[in-house]
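Asker: Here's my sequence, what's the structure:
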Amino acid sequence: LVEELEALRAEVYLLQAKNAQLETTVREEVSEEMMRQMAQMEAAFQVRLEDERVSTEQKFERRLRIIMREQARRDQTLSDAERDQIQVELEFYQGRVSEMQREHKTALSRLMPGPAPAHTDTDADEHEEAQ
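Answerer: Reported below is the predicted structural model:
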């Protein structure tokens, strides 16, 4: 009877050890899956952030082009005060676009360690050449 009791205790001990090992394995698998999901969510957020940055930049660049066209069209008929006002608006939007580009680069560098994605801004280059 004592031997049978000892055998049952040994079996309980083995089952508890097996249970603890199984629990550890399940916790590791759940943790790894959560890490994968978090990485996917972060990547999706980074893509959305970059899309939003590009969209906002394009809106400001369109406004700049509109102001520049309007300025060119009215240049002959505008008074100095009107011309100065349009120039002030143009400079404001140019400064705002530059500021937004810096802010977005900073935000991206915080979110995505490593080299920043290359972004060619041909519209801004053309704009600078036009002035």
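
Asker: Quick one, grab the pLDDT at Leu15.
Answerer: Among the per-residue scores, Leu15 holds a pLDDT of 96.

Asker: Kindly report the same for Glu128.
Answerer: According to the prediction, Glu128 has pLDDT 45.

Asker: The one helix or strand Arg48 maps to - contacts with which helices or strands?
Answerer: Taking DSSP states H and E as the criterion, Arg48 maps to helix 2-74. Contacts of helix 2-74 with other secondary structure elements, assessed using 3 or more Cβ pairs under 8 Å, 6 or more residues apart in numbering; DSSP states H and E, are made with helix 80-111, helix 122-130. (Glycine included, C-beta is placed from N, CA and C.)

Asker: what's the distance between Val30 and Arg74?
Answerer: Distance of Val30 to Arg74, given as Cβ to Cβ, to the nearest Å: 66 Å.

Asker: out of the two, which sits in the busier spot?
Answerer: Neighbour count, other Cβ atoms under 10 Å: between Val30 and Arg74, Arg74 has more, with 13 against 10.

Asker: check contacts around that one.
Answerer: Neighbouring residues of Arg74 by Cβ atoms under 8 Å, 6 or more residues apart in numbering: Glu82, Arg83, Ile86.
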